[in-house]
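kindly return the folded structure for what I paste below:
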Amino acid sequence: MIEILHRETGAVLLRIPAGTLEGAALAGASLRYGRLAGLNLAGADLTHADLACSDLRGTSLANARMAGADLSGCDLTDADCRSANLVSAKVLGANLTAARFDDADATRATFRLSYASGVAPRFANTKMPNAHFGQVKLPGANWEGADLREANLSQADFRGAGMRGASLAAAVLGATRLDGADLRDADLTFAFLRSVGLVGTLVGGALFGATTFAVTPDLAAVLGVPSCVGPVHADEATVAMVRQTTPELLAVLRLV
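Got it, this is the predicted structure:
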């Protein structure tokens, strides 16, 4: 028999007549404020479960099914969420320090206001189209090969992030901090960038086409040469800064 306790009061939230939680059937379970740190929930079915404000430090959630689950306010420090199903999950204001989401499916999930301190989380090769990462603070996170098509990345702090080969096609980036990030070979076609920090951002081989830069003079401070597969739209102030600072970039960008 396994008992899951309330992290603050110690009250029993759920009793499971089993010797392990690996692969457990917990769909729709109410585990809010659960004391789940260090447990093995790999492969568990947590579809639409309420895990809000739970302690998930060091918890194994690899291959877990968490579509529609609520993980808002959770402490996911060092949690293993690799290959998990997080489709339409809510992960608002969660601590993602050193968490691993590699190869997970977080389509339409919302991570708004989540953060990391110390070791950054990993999202390598994660599927996240239409996900919401607004106002997150995840500098240095690894997003290599991630699918962020049509994602909302506004006001996110991605300084120094590794986003090589990621797809940001049609993503929305308003006041996003990408200073020092690695966007080499990334796809930014149809992306909309407004007031984005790009100082020292690596863009060698990145795909630009139907990309819009609005009030983004830092475009003149990127490093490397992108590949343009279509026209790039920019306001007059942004074009003027590029012309003044890095005129060679104008020969590459098909600014209109």
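
show me where pLDDT drops low in the protein?
254-256 (pLDDT under 70).

what segments of it are helices?
236-245, 247-250 (DSSP state H).

closest one to residue 136 among the ones you listed?
Judged by CB to CB, the one of the helices of the chain that comes nearest to residue 136 is helix 236-245, at 25.0 Å. For every residue, glycine as well, the C-beta is placed using N, CA and C.

and the closest one, which residues are buried?
Within helix 236-245, the residues scored as buried using 16 or more other CB atoms under 10 Å are 238, 239, 241, 242.

what sits against the most centrally placed residue in the chain?
The centroid of the chain falls nearest to residue 133 when counting by CA atoms, centre = their mean (5.8 Å). Going by CB atoms under 8 Å, 6 or more residues apart in numbering, residue 133 touches 111, 112, 114, 148, 151, 152, 153, 156.

if we use 6 Å, what do you get?
111, 153, 156 (CB atoms under 6 Å, 6 or more residues apart in numbering).

which stretches of the stretch 51-200 of the chain form strands?
172-174, 192-194 (DSSP state E, counting those that start in this stretch).

export those to a markdown table and tack on mean neighbour count?
Below are those laid out as a markdown table (neighbours: other CB atoms under 10 Å):
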| stretch | mean neighbour count |
| --- | --- |
| strand 172-174 | 21 |
| strand 192-194 | 20 |
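
with distance to residue 77 added, can I get these in CSV?
Output for the strands of the stretch 51-200 of the chain, formatted as CSV (distance: least, CB to CB, whole Å):
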stretch, distance to residue 77
strand 172-174, 27
strand 192-194, 31
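
residue 30 is nearest to which of those strands?
So among the strands of the stretch 51-200 of the chain, strand 172-174 is nearest, using CB to CB, at 34.2 Å.

got the contact list for that closest one?
152, 153, 154, 192, 193, 194, 196.

what about 10 Å?
132-134, 148, 150-156, 158, 188, 191-198, 213-216 (CB atoms under 10 Å, 6 or more residues apart in numbering).

now do stretch 32-39
By CB under 10 Å, 6+ apart, the residues outside stretch 32-39 that reach it are 2-11, 13-14, 20-22, 24, 49-61, 70, 72-75, 77-79.
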